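Participant: Need coordinates for the below:
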Amino acid sequence: TMADDRSSKRPRTTSRANGESTFDDARIVALESEIRTLRLQLLRSDAEVALLRQRLQCFEVRHDVLPVVTPTPTPTVDLSRLDTGLVTHIVSFLGTSLELRNLALT
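Facilitator: Next comes the predicted model:
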């Protein structure tokens, strides 16, 4: 197993006379614990990435191409540029009643 491989590569540490672990031993244990934690996080991340890739493939398969509709432009008139003098001039050509002219000027 991997644990057996790592233990055979671990350098021999010296112990104090009273049998307590040295500072190096404690540091090694802490680092090995951190490595195990990081490996678990990596496995979880790999699983999450695989799941997200699978979901993405589902969306790509269902992707339908929608037709592009280009609306035909409708002619518009900017009435903000129209002044009363122009309206009066147009009405004079039409020969319409004064009421229609007054309506156009409002």
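Participant: if I look at residue 102, how far off is residue 25?
Facilitator: Distance check for residue 102 against residue 25: by Cβ to Cβ, to the nearest Å, it reads 103 Å. Placement of C-beta: from N, CA and C, glycine included.
Participant: Those two - which one has more neighbours?
Facilitator: It is residue 25, of residue 102 and residue 25, that has more neighbours when counted by other Cβ atoms under 10 Å, with 15 against 10.
Participant: tell me the pLDDT at that one?
Facilitator: Residue 25 is assigned 91 on the pLDDT scale.
Participant: Let me know the helix or strand that it is in.
Facilitator: helix 23-62 (DSSP states H and E).
Participant: On the three-state scheme, residue 68 is what?
Facilitator: coil (DSSP: H, G, I helix; E, B strand; the rest coil).
Participant: quick one, what contacts it?
Facilitator: Not one residue lies near residue 68 by Cβ atoms under 8 Å, 6 or more residues apart in numbering.
Participant: Look up phi and psi at it.
Facilitator: phi -90, psi 120 (degrees, to the nearest 10).
Participant: Can we start the residue count at 57 from this point?
Facilitator: All set: I'll call the first residue 57, so the last point we hit is now residue 124.
Participant: Give me the pLDDT for it.
Facilitator: pLDDT, residue 124: 80.
Participant: Distance of it relative to residue 115?
Facilitator: The value you get for residue 124 to residue 115, if Cβ to Cβ is used, is 21 Å.
Participant: What of residue 145?
Facilitator: On the measure of Cβ to Cβ, residue 145 and residue 115 end up 61 Å apart.
Participant: where in the chain is pLDDT low?
Facilitator: For the chain, applying pLDDT under 70 flags the ranges 57-77, 116-120, 147, 149-153, 155-157, 160, 162.
Participant: Residue 140 touches residue 161, doesn't it?
Facilitator: Yes: counting by Cβ atoms under 8 Å, residue 161 is a contact partner of residue 140 at 5.5 Å.
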